[in-house]
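>>> please work out how this folds:
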Amino acid sequence: MTLNTLRKKIKAKVLDLSLQKMPITGAFEALALEIFKYQYGQNDLYHQYCSLLGKDISKIKTIDAIPFLPIQFFKNYVIKTNFEGENWQEKTIFTSSGTTGATTSQHFVRNLQTYLQIARNGFQSFYGSIENYCMIGLLPAYAERTGSSLIAMVDDFVKISPYPQSGFFLYDFKQLIEILKENQARQIPTVLIGVSFALLDLAEQYPTDLSNIIIMETGGMKGRREELTRNELHTYLKKAFKVNQIHAEYGMTELFSQAYSVGNGIFHPSPTLRAYTRDVTDPLCLLKTPNRQGILNLIDLGNFDTISFIATDDLGRVQADGSFEVLGRLDHSDIRGCNLLVL
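Sure thing, here's the model as predicted:
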């Protein structure tokens with residue numbers, strides 16, 4: 001089998017897995033190990049990293065033995081998995097927001113449609129068909145720059161939605177509230193996905209009964225407001241909009257897959273994503289006991305063209321069923337767009 005054929009088979013397996021309504025443990029682990037071997041052999045940066053760690057890949061038989069690449073590498077290196085010496089040309093580059101003067105992450109995207117398909121399937125595994133919803137994005141900080149993976153995803157959802165009310169809003173809160181109230185009165189299923197500071201601004205200026213609207217926060221104060229814990233943010237938004245729960249989306253520039261929370265800050269990963277925790281004092285030690293606080297490691301099978309094994313800077317806890325909480329960020333890590341303070 002040629003490496004090009006192997007890549008195509010991996011892609012087909014990833015897309016097939018992304019369609020599942022629930023995680024399939026055996027299939028995920030087998031595909032993760034297959035992608036690890038592929039990336040070790042065809043990603044020079046990852047190969048060098050594993051070699052520096054002194055890893056004998058012939059002994060890596062389980063997921064917990066796979067090395068995770070520090071997420072900071074996305075800031076300083078072009079990360080691509082090539083086959084047979086090729087150097088594929090990216091179709092687009094996802095970039096993190098960062099802060100003024102900070103080095104931002106870059107995720108080179110070989111095929112934008114692959115990302116969009118994985119994102120669609122991930123959302124639909126939790127909420128059903130996108131075509132059932134009016135999709136509204138309140139993402140001013142993201143919409144006002146280029147290279148946002150979140151904007152690419154929500155824009156795709158907007159295009160799929162059959163409702164003409166779907167679209168993006170910046171600061172016209174009055175019109176937005178009118179549309180949301182009308183949708184609620186007409187019983188149109190609606191998802192309002194917004195950056196934290198904009199949702200807070202909306203809640204302060206137009207507290208309104210939106211009890212039948214799915215309000216989904218993506219994190220991010222972008223330096224516009226004082227940081228809040230996720231619990232504080234959700235408590236305020238629930239009171240202002242008279243909803244029982246605030247939903248949330250967990251994603252980042254470095255990922256093709258997302259996780260979703262339908263309430264209480266508990267995230268469930270989409271079928272192509274898996275979360276683990278590592279020891280705060282030993283970055284190579286995975287914590288195998290559920291519900292222990294550590295630093296999140298992520299396996300994103302959607303990243304088969306870049307790197308699927310990422311050691312993040314997010315503090316969290318992972319439960320036995322694979323759900324996880326995001327508790328904050330390491331003190332030494334850069335402030336990023338999705339930053340929330342430790343609970």
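>>> Glu182 belongs to a helix?
Yes - assessed by DSSP: H, G, I helix; E, B strand; the rest coil, Glu182 belongs to a helix.
>>> now the residue sitting nearest the centre point of the chain: closest residue in space that isn't a chain neighbour?
Centre of the chain computed as the mean C-alpha position; nearest residue by C-alpha atoms, centre = their mean is Gly251, 1.6 Å away. Among residues not flanking Gly251 along the chain, Gln258 sits closest, at 4.1 Å (C-beta to C-beta, 6 or more residues apart in numbering). Glycine gets a C-beta too; all of them are placed from N, C-alpha and C.
>>> that neighbour contacts Gly122, doesn't it?
Yes - contact status for Gln258 versus Gly122: in contact at 5.1 Å, counting by C-beta atoms under 8 Å.
>>> can you pull the residues that touch both of those two?
270, 273 (C-beta atoms under 8 Å, 6 or more residues apart in numbering).
>>> what kind of secondary structure is Leu31 in?
Per three-state DSSP, Leu31 ends up helix.
>>> with the one 3 residues further on instead?
Per three-state DSSP, the local secondary structure of Glu34 is helix.
>>> neighbours of it, just the number please.
Neighbour count for Glu34, taken as other C-beta atoms under 10 Å: 16.
>>> please apply the same query to Tyr260.
Neighbour tally, Tyr260, other C-beta under 10 Å: 20.
>>> which phi and psi does it have?
The phi/psi pair for Tyr260 (degrees, to the nearest 10) reads phi -130, psi 150.
>>> quick one: the spatially closest residue to it that is not a sequence neighbour from Val191, how far?
Of all residues not flanking Tyr260 in the chain, Phe126 sits nearest, at 4.9 Å (C-beta to C-beta, 6+ apart). Phe126 sits 11 Å away from Val191, going by C-beta to C-beta, to the nearest Å.
>>> out of these two, which sits in the more crowded spot?
Regarding Phe126 and Val191, a neighbour count based on other C-beta under 10 Å identifies Val191 as having more, with 23 against 15.
>>> what sits against the residue nearest to the more buried one when sequence neighbours are not counted?
Spatial nearest neighbour of Val191, excluding adjacent residues (C-beta to C-beta, 6+ apart): Ile214 at 4.6 Å. By C-beta under 8 Å, 6+ apart, the contact set of Ile214 is 127, 133, 189-192, 247.
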